[in-house]
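S.K.: sequence unknown, structure follows:
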C-alpha cells in the first residue's frame with residue numbers, strides 16, 4: 001500500500017478537534033473507573049472514598065449536621081451569667097435516654113436575649129456568653145453520666161436571640177446498622 005493510499009483514509013491532525021480527543025480520553029477513564037469499582041465490590045465504600053480523597057489531597061468532609069429529631073431546653077440563666085441555671089432532672093433523663101443509642105449526637109446551642117446586659121462580663125461578647133452557657137450544660141450532662149463526651153457538640157449561637165437558654169437537639173450522626 002502506498003503512502004498516498006493510507007493518507008487518504010486518515011484525516012489530518014489539524015482536522016480533528018482537540019476537544020473530541022479529550023472527550024474520548026475522559027470517556028475511557030470513566031469506563032476504567034467503573035470497571036475498577038465493579039472489580040472491588042468487597043472494598044468498603046467509605047475506605048475507597050477516603051483513599052481517593054487522599055490521592056487528590058482533599059480534606060475529608062465532615063458531612064452534613066445531623067437532622068434534629070427531638071429537642072429540649074435549659075432556661076433560667078440570669079442576665080450576663082453562664083452558670084446558675086438548674087439543669088432539670090427531666091433534661092438529664094431525656095439526654096440519658098437519647099444517648100443510649102451510640103449513633104446519637106446531642107447538639108447544644110447557647111443563646112442570649114440580645115440585650116446590652118446579657119453579654120460576657122470580661123469581653124462584652126454575647127456569643128462567648130452563649131457558648132459558656134452551652135458548656136455549662138454540657139458539663140452538667142457529663143457529670144451526671146448521662147452522655148459520653150463524643151456525643152456532645154457545642155454549636156454556635158443562631159442569628160436570632162432565643163432568650164437566656166441552651167437548646168439541646170438530638171440527631172443521629174452514625175452509620176446505619
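M.R.: Right, received. Where do you want to start? A quick note: this is a predicted structure, and the numbers were derived from the prediction, not measured.

S.K.: pLDDT weak spots in this structure?
M.R.: Within the chain, the segments meeting pLDDT under 70 span 1-16, 58-65, 158-161, 174-177.

S.K.: Domains of it: list them as residue ranges, please.
M.R.: The record assigns the chain these domain ranges, following automatic domain parsing: 3-55, 68-172.

S.K.: Deepest in the core, which of the ones you listed is it.
M.R.: By mean neighbour count, with neighbours taken as mean count of other C-beta atoms under 10 Å, domain 68-172 ranks first of the domains of the chain at a mean of 17. No exception for glycine: its C-beta is placed from N, CA and C like everyone else's.

S.K.: Need the single longest helix in this structure, by residues.
M.R.: helix 18-39 (DSSP state H).

S.K.: what's that helix in contact with?
M.R.: Residues from elsewhere that reach helix 18-39, judged by C-beta atoms under 8 Å, 6 or more residues apart in numbering: residue 48.

S.K.: Would you mind identifying the next helix or strand past that helix?
M.R.: helix 45-55 (DSSP states H and E).

S.K.: The longest helix of the chain vs helix 45-55, what angle?
M.R.: Counting by axes from the mean of the first three to the mean of the last three C-alpha atoms, to 10 degrees, helix 18-39 lies at 140 degrees to helix 45-55.

S.K.: In the chain, mark out all the helices, start to finish.
M.R.: 3-9, 18-39, 45-55, 89-99, 126-144.

S.K.: possible to save these as a markdown table with distance to residue 167?
M.R.: Listed next are the helices of the chain as a markdown table, based on distance: least, C-beta to C-beta, whole Å:
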| stretch | distance to residue 167 |
| --- | --- |
| helix 3-9 | 74 |
| helix 18-39 | 42 |
| helix 45-55 | 31 |
| helix 89-99 | 11 |
| helix 126-144 | 9 |
